[in-house]
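Colleague: Below: sequence and its predicted model.
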Amino acid sequence: MRVRGNAAGIVAILTVAALWGGTFTAMKSAFYSADPMPFLLTRFALALMILLPIYYLRGRRPKITRMGMLAGIMVFLGFALQMEGLTGISATKSAFITGLNAPLVPLFELILFHRRPRARAVLAIFLGVLGLALLTGVIHGIPLTTGDLLTLGCAVAWALQIVVVDKASKVLPPDDVAFNEFLVTLLLASAFAPVLGEYDLPLDPVVIVAVLYSGILATVIAFYLQAWAQERISPESAALGLMAEPVFAYAFAWLLLGEFLSPLQLIGALLILVSIPLAS
């Protein structure tokens, strides 16, 4: 029996959320000794080293487009703001604030392309936002720090990335979308590292494992899957699927750091999971 495109796309985007959820613990651990920009540079250099031989084996060259490069700019901004913010806040809090990109996607779709969200998507977004509020404690009025604000900027960048990838994936195959994103992010990270005065990347076991996990699983595989999934599902469905990222981040934090969900946070996590199929 053949799996329907929608179902396969949702499974793929949830896999992306799981892979990205694991990066928060990995990066937080690495940033005790490494700087964000060299880490980002190395992560995407590794990703390109893996992706380029695939083109060679297929006998074709990567295609670079303006839409693909725009997606790359959004990826750089998303990661750069997230990493700089992560140096000042916890991994789980960073994951939850990043998840706020989901309700921004329909807004940008409406503003940029005059695409009105469906009623089910609006309901799903409401449930997802409520779930995030319970998970993060925003509902109780937790004050925002510099790290919080940087990560909010990251959420805006990721929302725009989802919108742009939706357009790019209609004219580019998934590997070309990923190549554009990897190349632009690598170039911008190389340019901004000296501007920010960030050079440290010690080759200790924690940093090496974090780079390998982030570069291979959370970059090459995850970005390919995201582009593949967005050929099959709507931007709203992709955004809501990626809202599960903080849930997976909490799971990794529980397994590796011994953190637990409070009853309210557990309800929030369940609301996020319920919201995902509503938008499909």
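Modeller: Sure thing, it's come through. Numbers count the residues shown, from 1 in each chain.
Colleague: Low-confidence stretches in the stretch 101-250 of the chain?
Modeller: Counting by pLDDT under 70, the stretch 101-250 of the chain has low-confidence residues at 136, 141-144.
Colleague: If we use 90, what do you get?
Modeller: Applying pLDDT under 90 to the stretch 101-250 of the chain flags residues 101-149, 151-152, 155, 159, 162-175, 178, 203, 215, 219-220, 223-250.
Colleague: phi, psi of residue 116?
Modeller: Backbone dihedrals for residue 116, given as degrees, to the nearest 10, come out at phi -80, psi 140.
Colleague: surely it meets residue 236?
Modeller: No: in this structure residue 116 lies outside contact range of residue 236 using C-beta atoms under 8 Å: 10.8 Å. C-beta coordinates here come from the backbone N, C-alpha and C atoms, glycine included.
Colleague: Disregarding flanking residues, what is the spatial nearest neighbour of residue 241?
Modeller: Taking C-beta to C-beta, 6 or more residues apart in numbering, and ignoring the residues beside it in sequence, residue 241 has residue 13 as its nearest neighbour in space, at 3.5 Å.
Colleague: if I pick that neighbour, what's in contact with it?
Modeller: 225-226, 229-230, 233, 237-238, 241-242 (C-beta atoms under 8 Å, 6 or more residues apart in numbering).
Colleague: ditto for residue 260
Modeller: Neighbours of residue 260 in contact, by C-beta under 8 Å, 6+ apart: residue 254.
Colleague: what helix or strand does it sit in?
Modeller: Taking DSSP states H and E as the definition, one finds residue 260 inside no helix or strand.
Colleague: Equivalent analysis for residue 195, please.
Modeller: Assigned by DSSP H and E, residue 195 belongs to helix 174-196.
Colleague: picking up where we left off before, now name the helix or strand holding the residue nearest to residue 241.
Modeller: helix 5-30.
Colleague: sorry, back to before: can you name the next helix or strand after the helix holding residue 195?
Modeller: With elements assigned by DSSP H and E, the helix or strand that comes after helix 174-196 is helix 205-212.
Colleague: which residue sits closest to residue 211, ignoring its sequence neighbours?
Modeller: Excluding its sequence neighbours, the residue lying closest to residue 211 (C-beta to C-beta, 6+ apart) is residue 42, at 5.4 Å.
Colleague: Okay, and residue 34 sits in which element?
Modeller: With secondary structure defined by DSSP H and E, residue 34 is part of neither a helix nor a strand.
Colleague: Now for it: which residues touch it?
Modeller: By C-beta under 8 Å, 6+ apart, residue 34 lies in contact with 200-202, 207, 210.
Colleague: what about 7 Å?
Modeller: By C-beta atoms under 7 Å, 6 or more residues apart in numbering, residue 34 lies in contact with 200-202, 207.
Colleague: for residue 103, same thing?
Modeller: Contact analysis of residue 103 by C-beta under 7 Å, 6+ apart lists 125, 128-129.
Colleague: picking that back up, can you flag the buried ones in the contacts of residue 34?
Modeller: For those, a burial check counting by 16 or more other C-beta atoms under 10 Å picks out 201, 207.
Colleague: Just the closest of the contacts of residue 34 to residue 140, please.
Modeller: Taking C-beta to C-beta as the measure, residue 140 lies nearest residue 207 of these, at 35.3 Å.
Colleague: How many neighbouring residues does the closest residue to residue 214 other than its chain neighbours have?
Modeller: Distance criterion C-beta to C-beta, 6+ apart; nearest residue to residue 214, sequence neighbours excluded, is residue 43 at 4.7 Å. Neighbour count for residue 43, taken as other C-beta atoms under 10 Å: 27.
Colleague: show me what contacts residue 43?
Modeller: Residues near residue 43 by C-beta under 7 Å, 6+ apart: 211, 214-215, 219.
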